[in-house]
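1. Fold the following.
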Amino acid sequence: MKAEQKSLTSQFETIDALINQSQLDLAVKSLKKIEKKAHDSWSNIAVFKRYILIGEKERADLLLKKALKKNSENLELLAVYSNFLIKENRFDEAENYAKKLCETKYSSIYSELILKTAINQKENDDNVTKNIFYNEQQFYQIYLDAYNSTKNPIWLKNCAVFDITNGDFEKASLLNPDVYADADDAFFWAEILYDAKKYYASLEALKKSKDYLSDYQNKSRFMTSEVKIAALESDIYMALSDMEKSQKVRQNIIDEIENKHFTTEDEQFLPVIFVNSAIWEMNQGNSDSCADLLFYAVNKWPDYVPALVLYADYAYNSNLERKEDTEILALRNAGISSLEMERYDKRRKIPLSDALYRIDNTLAKKNDPYLEIVKLDLKYKTNKNYSEREKNRDLWYLLEDVYESDKTYNYLLVQYALNYLLRTNQKVDAWKVFYDYVSQKNDFSEKRDFWEQFIEKINDIELPICEFAGYFATEYKLLEEAVRIYEYCVYESAGFLEEEMISPEVSTNTCMNLADIYFSIGKKDKALRLYGIISGRETKNSLRSDIFYRIANIYVAQGDIKNALRLAEYSYSLYPQSVRASVLKDKLHLYEINAQ
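-> Modelled structure (predicted):
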């Protein structure tokens, strides 16, 4: 065999010399003789290569067809022949051979065939969709093979787009490459990882994006920007319940607002950053800082609805006078003011008329149900002469008006109606609005149990509506349904299955309700764990105070008075206006004194 191979090599060298001397007829005659001796794949490929070199395509074609009849699974023969057919635009024939190369080291040849076939279809058929390259399953493996062959990350992006288009964020996140091409590439994967709830991995990708961005003088060449990165980074820290870091990221952008030029796309993120920072400052009791941020936001972006809503809320609260205790009143009568009293007296006030004027200006430009609700709410708050009957009348008129125009209840209006009706103890009417909205929107059958259908379709229902469902299930003493719905809201609504992680969008009150249920059914450890998690993520001191008040009561129930007193004192220190925390603290102090 070695001798035969040596003989073939010698003959190929002779043929190559003939080709170089343009003696093509003699070369063809010699190749015909060698064909009979070429039994292995590499010998056949060597003959094929020389036929192609001298333009004998028909002989080359026939040679490999014969070779493949004898050895139809040989990868090298399949790869060479498939490549030949692709170059000849014989795509249908190539399909029969190239598909055997899938998931082999030559799989990129099949990728090339599929892509060229698709391009050919697009060029010859106007009806072929422009999205053909990402929304068909057959292309997924093609992209992966193309990436494995070229290491060009654009192919992996195509796979990720396919996955997220089909709602499979977890699968998309698993494609995250070890190395990113540039700032845009790293930012793309940071977004994918964020959507897959892999927040720490997303932070790492963002850091790479920032590093790439800082290395370039001309940052405008990238679609990614410092503002985009900050917006996503802030959201990640919020999802991780690290509100302080989230605010720090936002503050870095706010501090540079007057010193930098921002693109039109950046301008879409800036009002969100300002409003989130204003909420943070409000929850921390920094009313002046909150006012500064809101005033800037409503002047810079006059039609940004969340800013107008928060501005109206601040305007109302800033004009309220707090109820002061006898100690503070005595100091005022004596002409004395503490530092805290001076801060309160000098607090920034925004006229309600200004808030209403800005809302009316925006409503004149666009119809926004949220602003309509805020305007109606302000009307009730500022005019105490409205009776409950008049408010109910306005509410039902508004609900019916929207229903008549759209044949469905407006989601935001339903939220407002439910909050108002429950706040005014109109529970029967609240249930009717809730039941009608959920049943109609989700096509519930009247013949089946409402709660059974709700839990079946819970993934398709808005989170705030699910939170109301938890309340109603509790109200009607449906314990099993209430726990199932509340656990979905707290954990599963964001894709978390572990109890250590809670949804960044769920309200603190819903988390507290679930913790209360856990405590009431004897699951004290689960209640304490959940209270501990939400105490770390909540920024509003009044709510944090209530959380620690409830934890203190759990320790009282366990007979641990020392820890109960410590938590009651901390609860009171967070929010001295809490009467419950004050009473519990005093009772525990007295108990401890008597025990001594």
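
2. What residues sit buried inside the helix or strand hosting residue 433?
-> According to DSSP states H and E, residue 433 maps onto helix 427-441. For helix 427-441, burial by neighbour count (16 or more other Cβ atoms under 10 Å) applies to 429-431, 433-434, 437-438, 441. Where you see a C-beta, it was placed from the backbone N, CA and C, and this is true even at glycine.

3. which other helices and strands contact the very next helix or strand once past that helix?
-> Counting by DSSP H and E, the next helix or strand C-terminal to helix 427-441 is helix 450-456. Helices and strands touching helix 450-456, as assessed by 3 or more Cβ pairs under 8 Å, 6 or more residues apart in numbering; DSSP states H and E, comprise helix 427-441, helix 479-490.

4. just how off-centre is the last one within its chain?
-> When you say that, I think you mean helix 479-490. When distances are taken as Cα atoms, centre = their mean, to the nearest Å, helix 479-490 is centred 23 Å away from the chain's centroid.

5. Can you list the buried residues in the helix or strand following that helix?
-> Moving toward the C-terminus from helix 479-490, the first helix or strand encountered (DSSP H and E) is helix 508-520. Within helix 508-520, the residues that qualify as buried are 508, 510-519, counting by 16+ other Cβ under 10 Å.

6. Of the residues you listed, which is the nearest to residue 352?
-> Within the buried residues of helix 508-520, distances to residue 352 taken as Cβ to Cβ reach their minimum at residue 508, with 27.8 Å.

7. thinking again about what came up before, among the helices and strands packed on helix 450-456, which comes closest to residue 206?
-> Among the helices and strands packed on helix 450-456, helix 479-490 comes nearest to residue 206, with 26.8 Å by Cβ to Cβ.

8. when you compare where the closest one runs with where helix 508-520 runs, what's the angle?
-> On the basis of axes from the mean of the first three to the mean of the last three Cα atoms, to 10 degrees, helix 479-490 is oriented at 140 degrees to helix 508-520.

9. Which elements pack onto helix 479-490?
-> The elements that helix 479-490 packs onto, with contact taken as 3+ Cβ pairs under 8 Å, 6+ apart, are helix 450-456, helix 463-475, helix 508-520.

10. who wins for proximity to residue 57 among those helices?
-> helix 450-456 (62.5 Å).

11. Show residues contacting that closest one.
-> Surrounding helix 450-456, the residues in contact under the criterion Cβ atoms under 8 Å, 6 or more residues apart in numbering are 435, 438-439, 442, 444-445, 461, 469, 473, 478, 481, 484-485.

12. got the residues you listed as a markdown table, with pLDDT and distance to residue 284 columns?
-> Listed next are the contacts of helix 450-456 as a markdown table, based on pLDDT from 0 to 100; distance: Cβ to Cβ, whole Å:
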| residue | pLDDT | distance to residue 284 |
| --- | --- | --- |
| 435 | 94 | 39 |
| 438 | 93 | 36 |
| 439 | 93 | 42 |
| 442 | 90 | 39 |
| 444 | 94 | 43 |
| 445 | 94 | 48 |
| 461 | 93 | 33 |
| 469 | 97 | 32 |
| 473 | 96 | 34 |
| 478 | 96 | 38 |
| 481 | 96 | 37 |
| 484 | 95 | 35 |
| 485 | 96 | 32 |
